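[1] Fold the stuff below for me.
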Amino acid sequence: SQISALNGADLVVWMGPEMTPWLDRALSLDTLANTLSLLHTSGTHLRSSAEGRTQPTDANDTGAGTDDAHHHEGTDPHAWLDPDNAALWLSQIADALAQRDPGNAAIYRANASLAQTRIQTLGETLTTTLAPAGGKQFVMAHDAYGYFAGQSGLTIAGSRAEGDAAAPGAEHLSELRARLVFGDVACIFPEVLRDPKPVTTLAEGTPARIGEALDPEGRLLDPGAGLYLALMNQLGKSIADCANAD
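    Next up, the predicted model:
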(Lines give C-alpha, C1' and ligand atoms only; values in the text may rest on other atoms or scores of the structure.)
Protein backbone atom coordinates (compact mmCIF):
# COMPACT_ATOMS: atom_id res chain seq x y z
CA SER A 1 0.00 0.00 0.00
CA GLN A 2 2.87 2.36 0.73
CA ILE A 3 4.48 1.68 -2.64
CA SER A 4 1.14 2.25 -4.34
CA ALA A 5 0.69 5.59 -2.55
CA LEU A 6 4.28 6.54 -3.34
CA ASN A 7 3.94 5.86 -7.03
CA GLY A 8 0.60 7.66 -7.19
CA ALA A 9 2.02 10.85 -5.70
CA ASP A 10 2.12 14.08 -7.69
CA LEU A 11 5.36 15.01 -5.92
CA VAL A 12 7.89 13.08 -3.85
CA VAL A 13 10.27 15.21 -1.76
CA TRP A 14 13.26 13.29 -0.42
CA MET A 15 16.90 13.81 0.48
CA GLY A 16 18.10 11.54 -2.31
CA PRO A 17 19.49 8.02 -2.71
CA GLU A 18 22.47 8.96 -0.56
CA MET A 19 20.17 8.88 2.47
CA THR A 20 17.55 6.31 1.50
CA PRO A 21 18.87 4.04 -1.28
CA TRP A 22 15.89 1.71 -0.89
CA LEU A 23 13.51 4.51 -1.93
CA ASP A 24 15.32 4.92 -5.24
CA ARG A 25 14.49 1.31 -6.01
CA ALA A 26 10.87 1.70 -4.92
CA LEU A 27 10.09 4.64 -7.21
CA SER A 28 8.67 3.87 -10.63
CA LEU A 29 10.09 5.54 -13.73
CA ASP A 30 7.00 7.75 -13.97
CA THR A 31 7.31 8.86 -10.34
CA LEU A 32 11.03 9.60 -10.71
CA ALA A 33 10.05 12.46 -13.01
CA ASN A 34 8.02 13.96 -10.15
CA THR A 35 10.66 13.93 -7.43
CA LEU A 36 12.54 16.71 -5.69
CA SER A 37 15.89 15.50 -4.41
CA LEU A 38 16.99 18.06 -1.84
CA LEU A 39 20.64 17.00 -1.77
CA HIS A 40 20.82 17.69 -5.51
CA THR A 41 19.26 21.16 -5.28
CA SER A 42 21.55 23.85 -6.67
CA GLY A 43 23.17 25.90 -3.92
CA THR A 44 22.96 23.20 -1.25
CA HIS A 45 25.99 23.13 1.03
CA LEU A 46 27.37 19.61 0.97
CA ARG A 47 30.17 17.98 2.90
CA SER A 48 31.98 14.72 2.34
CA SER A 49 31.24 11.81 4.62
CA ALA A 50 35.00 11.44 5.06
CA GLU A 51 35.37 15.08 6.16
CA GLY A 52 36.79 15.08 9.66
CA ARG A 53 36.56 11.30 9.91
CA THR A 54 39.24 9.50 11.87
CA GLN A 55 37.60 6.14 12.42
CA PRO A 56 38.24 3.07 10.23
CA THR A 57 35.50 0.49 9.92
CA ASP A 58 36.03 -3.17 10.64
CA ALA A 59 38.29 -4.63 7.97
CA ASN A 60 36.07 -7.72 7.95
CA ASP A 61 32.88 -5.73 7.48
CA THR A 62 31.38 -6.06 4.01
CA GLY A 63 29.36 -2.87 4.31
CA ALA A 64 26.17 -4.89 4.01
CA GLY A 65 23.31 -3.67 6.14
CA THR A 66 19.58 -3.63 6.18
CA ASP A 67 17.76 -2.44 3.09
CA ASP A 68 16.88 0.87 4.76
CA ALA A 69 20.40 1.60 6.00
CA HIS A 70 22.40 4.41 4.49
CA HIS A 71 26.10 4.04 3.75
CA HIS A 72 28.45 6.85 4.66
CA GLU A 73 30.49 7.09 1.50
CA GLY A 74 30.71 10.16 -0.72
CA THR A 75 28.29 12.92 0.23
CA ASP A 76 27.22 13.19 3.86
CA PRO A 77 23.41 12.97 3.52
CA HIS A 78 22.49 14.65 6.84
CA ALA A 79 22.42 18.08 5.18
CA TRP A 80 19.14 19.16 6.85
CA LEU A 81 21.17 19.78 10.02
CA ASP A 82 22.54 22.91 8.33
CA PRO A 83 19.85 25.62 8.70
CA ASP A 84 21.09 27.39 5.57
CA ASN A 85 20.20 24.30 3.57
CA ALA A 86 16.77 24.11 5.19
CA ALA A 87 16.05 27.73 4.28
CA LEU A 88 17.14 27.14 0.68
CA TRP A 89 15.01 24.03 0.30
CA LEU A 90 11.86 25.79 1.51
CA SER A 91 11.82 27.92 -1.63
CA GLN A 92 12.38 24.88 -3.84
CA ILE A 93 9.58 22.93 -2.17
CA ALA A 94 7.18 25.88 -2.38
CA ASP A 95 7.94 26.32 -6.08
CA ALA A 96 7.40 22.62 -6.75
CA LEU A 97 4.05 22.69 -4.97
CA ALA A 98 3.02 25.90 -6.74
CA GLN A 99 3.73 24.34 -10.14
CA ARG A 100 1.42 21.46 -9.33
CA ASP A 101 -1.25 23.50 -7.54
CA PRO A 102 -1.19 27.03 -8.99
CA GLY A 103 -4.36 28.04 -7.19
CA ASN A 104 -2.57 27.87 -3.85
CA ALA A 105 0.83 29.13 -5.01
CA ALA A 106 0.64 32.30 -2.92
CA ILE A 107 -0.04 30.29 0.24
CA TYR A 108 2.88 27.92 -0.35
CA ARG A 109 5.30 30.77 -0.95
CA ALA A 110 4.03 32.81 2.00
CA ASN A 111 4.42 29.84 4.33
CA ALA A 112 7.93 29.21 3.01
CA SER A 113 8.88 32.84 3.54
CA LEU A 114 7.58 32.80 7.12
CA ALA A 115 9.52 29.62 7.88
CA GLN A 116 12.69 31.10 6.37
CA THR A 117 12.36 34.12 8.67
CA ARG A 118 12.12 31.82 11.67
CA ILE A 119 15.12 29.80 10.54
CA GLN A 120 17.20 32.98 10.22
CA THR A 121 16.95 33.45 13.98
CA LEU A 122 17.70 29.79 14.66
CA GLY A 123 21.46 30.25 14.34
CA GLU A 124 21.48 32.98 16.98
CA THR A 125 19.37 30.85 19.30
CA LEU A 126 21.67 27.84 18.91
CA THR A 127 24.77 29.97 19.51
CA THR A 128 23.31 31.10 22.83
CA THR A 129 22.09 27.63 23.79
CA LEU A 130 25.40 25.96 22.99
CA ALA A 131 27.62 28.50 24.74
CA PRO A 132 28.32 26.00 27.59
CA ALA A 133 29.64 23.54 24.98
CA GLY A 134 32.37 25.88 23.77
CA GLY A 135 35.86 24.37 24.03
CA LYS A 136 34.54 20.91 24.91
CA GLN A 137 34.65 17.73 22.85
CA PHE A 138 31.86 15.28 22.16
CA VAL A 139 31.45 11.77 20.79
CA MET A 140 28.34 10.76 18.86
CA ALA A 141 26.69 7.39 18.29
CA HIS A 142 27.15 7.69 14.55
CA ASP A 143 28.63 10.10 12.03
CA ALA A 144 25.61 12.31 11.41
CA TYR A 145 26.40 15.66 12.99
CA GLY A 146 29.04 17.27 10.80
CA TYR A 147 26.65 19.87 9.38
CA PHE A 148 25.28 20.72 12.81
CA ALA A 149 28.77 21.05 14.29
CA GLY A 150 29.94 23.22 11.41
CA GLN A 151 27.09 25.67 11.94
CA SER A 152 27.20 25.76 15.74
CA GLY A 153 30.95 25.53 16.40
CA LEU A 154 30.80 22.17 18.20
CA THR A 155 33.90 20.01 18.40
CA ILE A 156 33.11 16.38 17.61
CA ALA A 157 36.02 14.20 18.69
CA GLY A 158 34.64 11.14 16.95
CA SER A 159 31.68 8.87 16.29
CA ARG A 160 31.21 5.31 17.39
CA ALA A 161 30.05 4.24 13.92
CA GLU A 162 30.07 5.80 10.47
CA GLY A 163 26.49 4.88 9.63
CA ASP A 164 23.72 2.31 9.82
CA ALA A 165 25.49 -0.04 7.44
CA ALA A 166 29.03 0.11 8.84
CA ALA A 167 30.23 -1.73 11.93
CA PRO A 168 32.98 0.05 13.89
CA GLY A 169 36.33 -1.70 13.90
CA ALA A 170 38.07 -2.89 17.06
CA GLU A 171 40.99 -0.50 16.50
CA HIS A 172 38.66 2.47 16.20
CA LEU A 173 36.73 1.53 19.34
CA SER A 174 40.01 1.15 21.23
CA GLU A 175 41.19 4.60 20.13
CA LEU A 176 37.84 6.16 21.00
CA ARG A 177 37.82 4.47 24.38
CA ALA A 178 41.30 5.86 25.07
CA ARG A 179 40.03 9.39 24.42
CA LEU A 180 37.17 8.85 26.83
CA VAL A 181 39.48 7.44 29.51
CA PHE A 182 41.96 10.29 29.11
CA GLY A 183 39.21 12.79 29.81
CA ASP A 184 39.29 14.72 26.53
CA VAL A 185 35.60 14.06 25.89
CA ALA A 186 32.90 15.80 27.94
CA CYS A 187 29.90 13.77 26.72
CA ILE A 188 28.96 10.83 24.55
CA PHE A 189 25.47 10.62 23.07
CA PRO A 190 23.27 7.65 22.11
CA GLU A 191 20.37 8.07 19.67
CA VAL A 192 16.65 7.53 20.00
CA LEU A 193 15.14 4.22 18.88
CA ARG A 194 18.60 2.62 18.85
CA ASP A 195 20.11 0.29 21.41
CA PRO A 196 22.05 2.53 23.84
CA LYS A 197 24.13 -0.36 25.19
CA PRO A 198 27.07 0.02 22.74
CA VAL A 199 27.41 3.66 23.79
CA THR A 200 27.06 3.03 27.52
CA THR A 201 29.54 0.15 27.32
CA LEU A 202 32.07 2.36 25.54
CA ALA A 203 31.73 5.07 28.19
CA GLU A 204 31.63 2.80 31.22
CA GLY A 205 34.34 3.65 33.75
CA THR A 206 35.42 6.83 31.96
CA PRO A 207 34.92 10.49 32.99
CA ALA A 208 32.69 11.09 29.94
CA ARG A 209 29.05 11.71 30.75
CA ILE A 210 26.33 9.93 28.79
CA GLY A 211 24.00 12.54 27.39
CA GLU A 212 20.35 12.38 26.43
CA ALA A 213 19.60 10.27 23.37
CA LEU A 214 19.68 12.56 20.33
CA ASP A 215 16.97 12.64 17.68
CA PRO A 216 18.54 14.03 14.47
CA GLU A 217 15.63 12.89 12.29
CA GLY A 218 12.86 14.08 14.62
CA ARG A 219 11.46 10.57 14.92
CA LEU A 220 9.87 11.23 18.30
CA LEU A 221 8.66 14.74 17.52
CA ASP A 222 5.18 15.71 16.41
CA PRO A 223 4.98 16.29 12.65
CA GLY A 224 3.87 19.71 11.52
CA ALA A 225 5.04 23.21 10.75
CA GLY A 226 7.16 23.45 13.92
CA LEU A 227 9.01 20.15 13.58
CA TYR A 228 12.27 21.48 12.10
CA LEU A 229 12.79 24.21 14.68
CA ALA A 230 11.88 21.78 17.46
CA LEU A 231 14.37 19.24 16.11
CA MET A 232 17.26 21.69 15.94
CA ASN A 233 16.53 23.35 19.27
CA GLN A 234 16.19 19.99 21.00
CA LEU A 235 19.57 18.87 19.63
CA GLY A 236 21.15 22.06 20.91
CA LYS A 237 19.52 21.79 24.33
CA SER A 238 20.44 18.11 24.79
CA ILE A 239 24.09 18.79 24.01
CA ALA A 240 24.21 21.95 26.13
CA ASP A 241 22.56 20.26 29.12
CA CYS A 242 25.21 17.55 29.15
CA ALA A 243 28.07 20.04 28.60
CA ASN A 244 26.75 22.21 31.42
CA ALA A 245 26.44 19.37 33.93
CA ASP A 246 29.82 20.07 35.55
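
[2] average pLDDT for stretch 185-193?
    Summarised as a single mean, pLDDT over stretch 185-193 is 97.

[3] Can you get me the start-to-end distance on that stretch?
    Stretch 185-193 has an end-to-end distance of 24 Å (criterion: C-alpha to C-alpha, to the nearest Å).

[4] For that stretch, buried residues please.
    Judged by neighbour count (16 or more other C-beta atoms under 10 Å), stretch 185-193 contains these buried residues: V185, A186, C187, I188, F189, P190, E191, V192. Using the backbone N, CA and C atoms, a C-beta is placed for each residue, glycine as well.

[5] Please compute how far the strand or helix carrying the fourth one lies from its chain's middle.
    Assigned by DSSP states H and E, I188 falls within strand 185-189. Its chain's C-alpha centre and that of strand 185-189 lie 18 Å apart, by C-alpha atoms, centre = their mean, to the nearest Å.

[6] mind listing what it pairs with, with the direction of each?
    Sheet pairing here is set by DSSP bridges, and for strand 185-189 it gives strand 137-142 (parallel), strand 209-210 (parallel).

[7] excluding its backbone neighbours, what's nearest L220?
    Nearest non-adjacent residue to L220, counting by C-beta to C-beta, 6 or more residues apart in numbering: V192, 5.5 Å away.

[8] if I pick that neighbour, what's in contact with it?
    Counting by C-beta atoms under 8 Å, 6 or more residues apart in numbering, V192 makes contact with A213, L214, D215, R219, L220.

[9] Can you tell me which of those residues comes closest to L176?
    Closest approach to L176 among these (C-beta to C-beta): L214, at 17.1 Å.

[10] buried residues in stretch 97-108?
    Neighbour counts over stretch 97-108 (16+ other C-beta under 10 Å) mark L97, A98, Y108 as buried.

[11] What about the residues you listed, which are in helices?
    L97, A98, Y108 (DSSP state H).

[12] May I see those organised as JSON lines, with distance to E124 added?
    Shown next, in JSON lines, are those (distance: C-beta to C-beta, whole Å):
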{"residue": "L97", "distance to E124": "29"}
{"residue": "A98", "distance to E124": "30"}
{"residue": "Y108", "distance to E124": "27"}
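
[13] Out of those, which is nearest to A9?
    L97 (12.1 Å).

[14] Quick one: the strands in this structure, in order.
    Across the chain, reading from the start of the chain, the strands by DSSP state E fall at 12-14, 35-37, 137-142, 155-161, 185-189, 209-210.

[15] Low-confidence ranges, the chain, go.
    51-73, 164-166, 246 (pLDDT under 70).

[16] on that earlier part again, G236 is nearest to which of the strands paired with strand 185-189?
    G236 lies closest to strand 137-142 among the strands paired with strand 185-189, at 12.3 Å (C-beta to C-beta).

[17] what sits against the residue nearest to T206 when sequence neighbours are not counted?
    Once its chain neighbours are removed from consideration, T206 has its nearest residue in L180; the separation is 3.9 Å (C-beta to C-beta, 6+ apart). Neighbour list for L180: V139, I188, L202, A203, T206, P207, A208 [criterion: C-beta under 8 Å, 6+ apart].
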